[in-house]
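**Q** Build me a structure from this.
(4 chains)
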2 protein chains.
Amino acid sequence: MQRGNYNKRCAIISAATAVFVRDGYVGASIDAIAEEAGVSRQTIYNQIGDKEKLFVEVVRGINEQGSARLVAVLATFPDQPEDIARELVDFAIRLTRDCLCDEGSRALRKLIENEGSRYPELFETWKDYGPGKNWPAISSRFARLARAGDIELDDPDLAARQFMALIRADLPNEPGEMVSDAELELAARNGVRTFLRAYGKREAALAL
Amino acid sequence: MQRGNYNKRCAIISAATAVFVRDGYVGASIDAIAEEAGVSRQTIYNQIGDKEKLFVEVVRGINEQGSARLVAVLATFPDQPEDIARELVDFAIRLTRDCLCDEGSRALRKLIENEGSRYPELFETWKDYGPGKNWPAISSRFARLARAGDIELDDPDLAARQFMALIRADLPNEPGEMVSDAELELAARNGVRTFLRAYGKREAALAL
DNA sequence: GAACTTTTGGACACTCTTGTCCAATTCGTC
DNA sequence: GACGAATTGGACAAGAGTGTCCAAAAGTTC
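**A** Numbers count the residues shown, from 1 in each chain, chains lettered A, B, ... in the order given. Take a look at the predicted model:
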């Protein structure tokens, strides 16, 4: 234990995350966070410092969790697929569920969009992994699949971007909404089917 | 002229749009808007009323312009294409340029994401047209193309969603960034090529 | 139980914002 | 130039938020 009660620190960070995401940096009040955390306002100042430090801590937390989840999911990419359609769908489900639809990822995307201009350095880590970039980890996996002859593509980066776009195209994207497993499965299958129609062998897409 | 100077009213709305988008509803201060509009704060209260009325006016403005542009672009959908690949690319360029990448549309998307929960009724109009919905206008066009035998698809709504996702997949999506014509063209061609590989006749996609 | 740390809640100064009021000034129009 | 309407800038009250200070209470450790 470094300073103060660790449980309370976690409660503060977690409550701050919720309030920052709900109200934005300016709209979030320390009082609201304190109430949400079930903690006195003074404790926040004791443990973390001022509002800006609290915000930094929140972003760092989401970032770490998000990166960890992304790495974990990437490790499950089907490298030597037997049934490429089915395995890509399962991969897509894991990706959307753990890295796109979960609370933390949505929260981070919203914070980036709103406060990104104010704290550009805070979000640089994410930009390498985040949507809109090359997703280099994913494109290298697709390149390997192509070399193995499982799919046909000329530009792996483009294919990765389009893969991501396709499996997201069919997801409900209202921020607050819950996404059921059935919706996840359907969205993944729809996205992968089109992806394989464009890039796969003829018969692979027909399996979906 | 109904009340006050019409030019100043426009300057106010336009400045308010910029500031609301930059700082969010809570973060935007009337003083900042007044300064940006080159107008005294009192004039804003004289012409529009309070902050909430100003916000409503801003959203209404962006909404109208956005809807008008969307209708205009939709009217240029290639109904009887001779060169479907080329014509779809041109359509995609118009769509991204006028309805997705322009200032107003980006502004509206950001406002929806941030203040949508606070003023749900304000954005209902947009939700019918906006991203994430069925884009019914577009899917009916695709359905017509399919009936005419230009493409092959079973679910026009799905195809429309994926079309939108694909032509957006390759656009730089940093909010502030300017998108050059060359980038627009490239993104559209990449998206349409994959779309046609999945849904078009074999030879159409090869043309790109 | 004593010594020490943490938490609590209230009070406080300070800043910022909203919205109002008003007198002086400028603008548009005849 | 004169008249009425619009604009300006400054002052103002009320409210909310931040961050600090402090004494009392609660919790922890030996």
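**Q** For stretch A:142-162, C-alpha coordinates in CSV please.
**A** The C-alpha trace of stretch A:142-162 is given here as CSV (Å, rounded to 0.1, in the frame of the first residue of the first chain):
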residue,chain,number,x,y,z
PHE,A,142,-3.7,-11.6,-43.3
ALA,A,143,-0.4,-11.4,-45.2
ARG,A,144,0.6,-14.7,-43.8
LEU,A,145,-2.8,-16.2,-44.7
ALA,A,146,-2.3,-15.0,-48.2
ARG,A,147,1.2,-16.5,-48.5
ALA,A,148,-0.2,-19.8,-47.2
GLY,A,149,-2.8,-19.6,-50.0
ASP,A,150,-5.8,-19.4,-47.9
ILE,A,151,-6.9,-16.0,-49.3
GLU,A,152,-5.9,-13.8,-52.2
LEU,A,153,-5.0,-10.2,-51.7
ASP,A,154,-2.5,-7.7,-52.9
ASP,A,155,-2.6,-5.1,-50.2
PRO,A,156,-2.7,-6.6,-46.7
ASP,A,157,-3.1,-3.2,-45.0
LEU,A,158,-6.2,-2.4,-47.1
ALA,A,159,-7.6,-5.8,-46.4
ALA,A,160,-7.2,-5.4,-42.7
ARG,A,161,-8.9,-2.0,-42.7
GLN,A,162,-11.8,-3.4,-44.8
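**Q** looking only at pLDDT, what's the mean for that stretch?
**A** Stretch A:142-162 shows a mean pLDDT of 93.
**Q** what do you get for stretch A:41-49?
**A** 94.
**Q** ok, and for it, which residues are buried?
**A** By neighbour count on 16 or more other C-beta atoms under 10 Å in any protein chain shown, the buried set for stretch A:41-49 is A:43, A:44, A:47, A:48. In short, each C-beta sits where N, CA and C put it, glycine included.
**Q** Which of those residues sits closest to chain B?
**A** Taking C-beta to the nearest C-beta as the measure, chain B lies nearest residue A:44 of those, at 20.0 Å.
**Q** Which helix or strand contains that closest one?
**A** helix A:41-47 (DSSP states H and E).
**Q** In a helix, residue A:172, correct?
**A** No. Counting by DSSP: H, G, I helix; E, B strand; the rest coil, residue A:172 is not found in a helix; it is coil.
**Q** Looks like it contacts residue A:180 (just checking).
**A** No. Using C-beta atoms under 8 Å, residue A:172 is not in contact with residue A:180, being 9.6 Å away.
**Q** Those two - which one has more neighbours?
**A** residue A:172 (14 against 10; other C-beta atoms under 10 Å in any protein chain shown).
**Q** Just give the nearest non-adjacent residue to that one, would you?
**A** Leaving aside its chain neighbours, residue A:172 sits nearest to residue A:179 (6.2 Å; criterion: C-beta to C-beta, 6 or more residues apart in numbering or on different chains).
**Q** Quick check: the gap between residue A:153 and residue A:147.
**A** 10 Å (C-beta to C-beta, to the nearest Å).
**Q** Those two: which is more packed in?
**A** residue A:153 (19 against 10).
**Q** and the residue lying closest to that one once chain neighbours are set aside, how many neighbours?
**A** Closest residue to residue A:153 apart from its sequence neighbours, by C-beta to C-beta, 6+ apart: residue A:159 at 4.7 Å. Using other C-beta under 10 Å, residue A:159 has 24 other residues around it.
**Q** Repeat that for residue A:96.
**A** 25.
**Q** and it, helix, strand or coil?
**A** Assignment for residue A:96 (three-state DSSP): helix.
**Q** any idea how far it is from residue A:195?
**A** 14 Å.
**Q** cool, residue A:162 as well?
**A** 7 Å.
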